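Student: Quick check, what structure comes out for this input:
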Amino acid sequence: MDSAVQAKSVPASSELYLNRELSQLAFNWRVLEQARDPTLPLLERLRYLCISCTNLDEFFEIRCGAVRQAAELGLPAGRDGLAPATLLDEIHSRAARLVEGQYHCFHDELKPALAAQGIHLPERHEWTPRQTDWLRAHFQTDIMPVLSPLALDPAHPFPKILNKSLNVVVVLEGRDAFGREGHLAIVRAPRSLPRIIRLPELDPKAGQGESFVFLSSVLSAFAQDLFPGMRVLGAHQFRVTRNAELTVIEDAVDNLALALRDELAGRGYLRAERLEIDAACPDDVVALLLDNFGLTARALYRIHGPVNLSRVARVCRMVERPDLKFPPFQPRLPPGTDSLFERLREGDLLLHHPGDSFAPVLELVRQAADDPDVLAIKQTLYRTARESPIVEHLVRAARGGKDVTVVVELRARFDEEANLRLADRLQEAGVQVVYGVVGHKAHAKMLLIVRREDGALRRYVHLSTGNYHSDTARAYTDFGLLSADPDIGNDVHLIFQQLSGLAAPPRLARLLESPFTLHRGVLEKIRRETAHARHGRKGRILAKMNAINEPEVVRALYEASRAGVEIDLIVRGACALRPGIAGVSDTVRVRSIVGRFLEHHRIWWFGNDDAPELFCSSADWLERNLLRRIEIAFPILDPALARRVLQEGLLDYLADNRDAWLLGPDGRYEKCRADGDPPFSAQLARLEPLPR
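Tutor: Okay, the predicted model is just below:
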């Protein structure tokens, strides 16, 4: 870097960085706002409410535990200047406000609107006599036989409580058959019991529509039946959220799969992070629970309603009301997929999910499995569907004598158990399974097919920003590239060799790979735009990702802005960069899109003085992705396809005035307003809805 550029370097100030955890909580507020949007279909609003609840669960399972541990160890403040103890207080304060907003939305907005549509979620005091009678009979015949209430006494200490499981603490009075004085008992709801119960039509003439009741309400209502001869003074539902981060020290174990299996067995009982309990629960009982879980009052959330609110998502699936849901759409199928090898020899094929079908990817693997000229198939699998056609094709290919290698990432969070089963299944079929690299999750999305053609070998690849998962391909926005480009094919070949064997970092012609060239490559391209701007040329950066916090990248973007580079960032979730700071980030704009689909593709466009470069990637601009994972970024070389990605994946999002939120320098987000312009949604622009 020359002295002139060095002199303008941005100082490392805590005021320039937003906190990642608080930024992530802000994203959950934006999801909750979708639930409050009266212009959206009603059952979809209910689904957004549940997403905000499950997102908050995952936040406590993953992010909160690390902050708490840092506070207990007395670690120093992060780049944002927040000491861990201060941050933990702020997390619980903001999470409490979010929970309050969730239940306000449920009770005061969604329930009345659902009732007006004939969909009822009655609370205990709203049950009719017929409903009460039916629920009592259902409790006695279908629920009570599988319950095992546990009285708390010296012979029965407090039981282990599974992460996020539904439980009821029952306050008792009297003596049981053995003369024992009753005080407290715990009723745990087995996983086999559905959390939402559909009530039958008890009075057809009333025409009341459909009614659903939470299992938690039923357990509390009929707890007396579990303790005959004693008096139930209160029955209060509760739920504990535990840390879910596995702690396998990878370089200290001989067999990662066996070590993970051991860790998974105890994952549901790791350290508690949050206690949710019925707001009416007596203080002394709450104190006992907090003490048992090793929590302080800071981690207590008194709930006015069902503690398992996220379970109401089941109602969205149980109710057949197309008029209250998003209209269905038909993913497009590009021509030429009946012979994909022939099609790809003509040129690259771009898929933009969910508008474009995921079927060509499945079909490519199927054709490769059945083609006698295909010699080898290599693929990474991070997350995939439970009954994945891709897995079936890979198994068939291996059994048919082809060389099949699959890199299965065992440490894909919350999919570890499924991936262990997947690895076993593939190995039984003769697939060579690779577990990646110790200390680096294999997060890249790659498929390589080696085919013999005219006496030579040719490589075909599929590279993607998203997983090989047919379900998420209909719910997430992602780009996928199918190509027979020799340079790209050879790069993918070298990376697979590196993952399955022992080799130095390969020299790649087209791809960037983390942790070797990706971080450096991003910085070089940002600094190139900075140099263009400093020399009077136009500097321009457009980038889209899920999150950004890597300090060198953030600092490079600040330096680019100070040089005059125009920068637009589309960041779905956590963003550590502060836009619009005078003299630092005047030319940086950050927006977040929260719409019908989960934003997932990562796209980087660098103007490069009218010789633009465009990359798609599996990586966010996070420290973990750029420095501690196996990730790739791949260029879109075909000019027409690059223009399509630029338009559909970036420019349309900058024009979005329906689903966009704008980030201010204070860390607050404001909803983008149309201001008289026609509403435009980038996500919906190219969907082809089916007729109702």
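
Student: Ends of stretch 326-340, what's the gap?
Tutor: 33 Å (CA to CA, to the nearest Å).

Student: Could you do stretch 446-466 as well?
Tutor: End-to-end for stretch 446-466, by CA to CA: 10 Å.

Student: Sort out which residues of that stretch are buried, please.
Tutor: Using 16 or more other CB atoms under 10 Å as the test for burial, stretch 446-466 gives 446-451, 458-466. In short, each C-beta sits where N, CA and C put it, glycine included.

Student: Just give me the closest of these to residue 50.
Tutor: residue 466 (22.2 Å; CB to CB).

Student: part of a helix, is that closest one?
Tutor: No: using DSSP: H, G, I helix; E, B strand; the rest coil, the assignment for residue 466 is coil, not a helix.

Student: Kindly provide the distance from it to residue 517.
Tutor: 22 Å (CB to CB, to the nearest Å).

Student: same check, this time on residue 457
Tutor: 26 Å.

Student: With residue 649 instead?
Tutor: Noted for residue 649: a distance of 23 Å to residue 517, by CB to CB.

Student: so which helix or strand takes in residue 507?
Tutor: According to DSSP states H and E, residue 507 maps onto no helix or strand at all.

Student: Sorry, wrong one. I was asking about residue 104.
Tutor: Using DSSP H and E, the element containing residue 104 is helix 84-104.

Student: Spell out which helix or strand contains residue 405, please.
Tutor: Residue 405 belongs to strand 403-408, assigned by DSSP H and E.

Student: ok, now residue 77?
Tutor: Using DSSP H and E, residue 77 is not contained in any helix or strand.

Student: okay, it: pLDDT?
Tutor: If you check residue 77, the pLDDT there is 92.

Student: The residue nearest to it when sequence neighbours are not counted and residue 546, how far apart?
Tutor: Closest residue to residue 77 apart from its sequence neighbours, by CB to CB, 6 or more residues apart in numbering: residue 83 at 4.5 Å. From residue 83 across to residue 546, the span is 27 Å (CB to CB).

Student: if we can go back for a sec, just list what the helix holding residue 104 packs against, helices and strands only.
Tutor: Under the contact definition 3 or more CB pairs under 8 Å, 6 or more residues apart in numbering; DSSP states H and E, helix 84-104 sits against helix 20-35, helix 42-59, helix 65-73, strand 300-303.

Student: in its sheet, what does the shortest one sit against?
Tutor: Strand 300-303 has its sheet partners listed here by DSSP bridges as strand 272-278 (parallel).

Student: Can you tell me what sits against the partner strand?
Tutor: Residues outside strand 272-278 that contact it (CB atoms under 8 Å, 6 or more residues apart in numbering): 60-61, 64-65, 68, 95, 169, 220, 236-243, 286, 289-290, 293-295, 299-303, 307.

Student: now that strand against helix 42-59, angle please.
Tutor: 140 degrees (axes from the mean of the first three to the mean of the last three CA atoms, to 10 degrees).

Student: Would you mind confirming that residue 662 makes contact with residue 588?
Tutor: No: applying CB atoms under 8 Å, one finds residue 662 not in contact with residue 588, separated by 11.8 Å.

Student: Comparing these two, which shows the higher neighbour count?
Tutor: Just comparing residue 662 and residue 588: by other CB atoms under 10 Å the higher neighbour count belongs to residue 588, 23 against 16.

Student: So what pairs up with that one in the strands?
Tutor: Assigned bridge partners for residue 588, using DSSP bridges, are residue 567.

Student: for the stretch 301-450 of the chain, what spans make up the helices?
Tutor: Taking DSSP state H, counting those that start in this stretch to define them, one finds helices in the stretch 301-450 of the chain at 313-318, 340-346, 359-370, 389-399, 416-428.

Student: Reformat the ones you listed as a markdown table; add mean pLDDT and distance to residue 436.
Tutor: Formatted as a markdown table, the helices of the stretch 301-450 of the chain follow (pLDDT from 0 to 100; distance: least, CB to CB, whole Å):
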| stretch | mean pLDDT | distance to residue 436 |
| --- | --- | --- |
| helix 313-318 | 96 | 32 |
| helix 340-346 | 96 | 28 |
| helix 359-370 | 97 | 20 |
| helix 389-399 | 96 | 17 |
| helix 416-428 | 86 | 11 |
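
Student: Looking at those, which is nearest to residue 75?
Tutor: Closest among these, using CB to CB: helix 416-428, at 27.3 Å.

Student: Tell me which other helices or strands the following helix or strand past the helix holding residue 104 touches.
Tutor: Heading C-terminal from helix 84-104, the first helix or strand you meet, by DSSP H and E, is helix 111-116. Judged by 3+ CB pairs under 8 Å, 6+ apart, helix 111-116 is in contact with helix 42-59.

Student: What average pLDDT does the helix it packs on get?
Tutor: 97.

Student: go on, stretch 223-236?
Tutor: 93.

Student: Outline the domain layout of the chain.
Tutor: Per the record, the chain has its domains at 20-324, 339-510, 514-671, by automatic domain parsing.

Student: quick one: terminal-to-terminal distance for the first one?
Tutor: With CA to CA as the measure, the ends of domain 20-324 fall 35 Å from one another.

Student: Likewise for the second one?
Tutor: With CA to CA as the measure, the ends of domain 339-510 fall 26 Å from one another.

Student: cool, the shortest one as well?
Tutor: Start and end residues of domain 514-671 are separated by 35 Å (CA to CA).

Student: Can you give me the pLDDT of the closest residue to residue 534 other than its chain neighbours?
Tutor: Nearest residue to residue 534 in three dimensions, chain neighbours excluded: residue 563, at 4.9 Å (CB to CB, 6+ apart). Looking at residue 563, its pLDDT stands at 97.

Student: Outside of stretch 391-409 itself, list whatever touches it.
Tutor: Residues outside stretch 391-409 that contact it (CB under 8 Å, 6+ apart): 362, 365-366, 368-370, 374-382, 384, 419, 422-423, 425-426, 429-436, 441-443, 496, 499-500.

Student: Which positions in that stretch come out as buried?
Tutor: Of the residues in stretch 391-409, those buried (16+ other CB under 10 Å) are 391-398, 402, 404-409.
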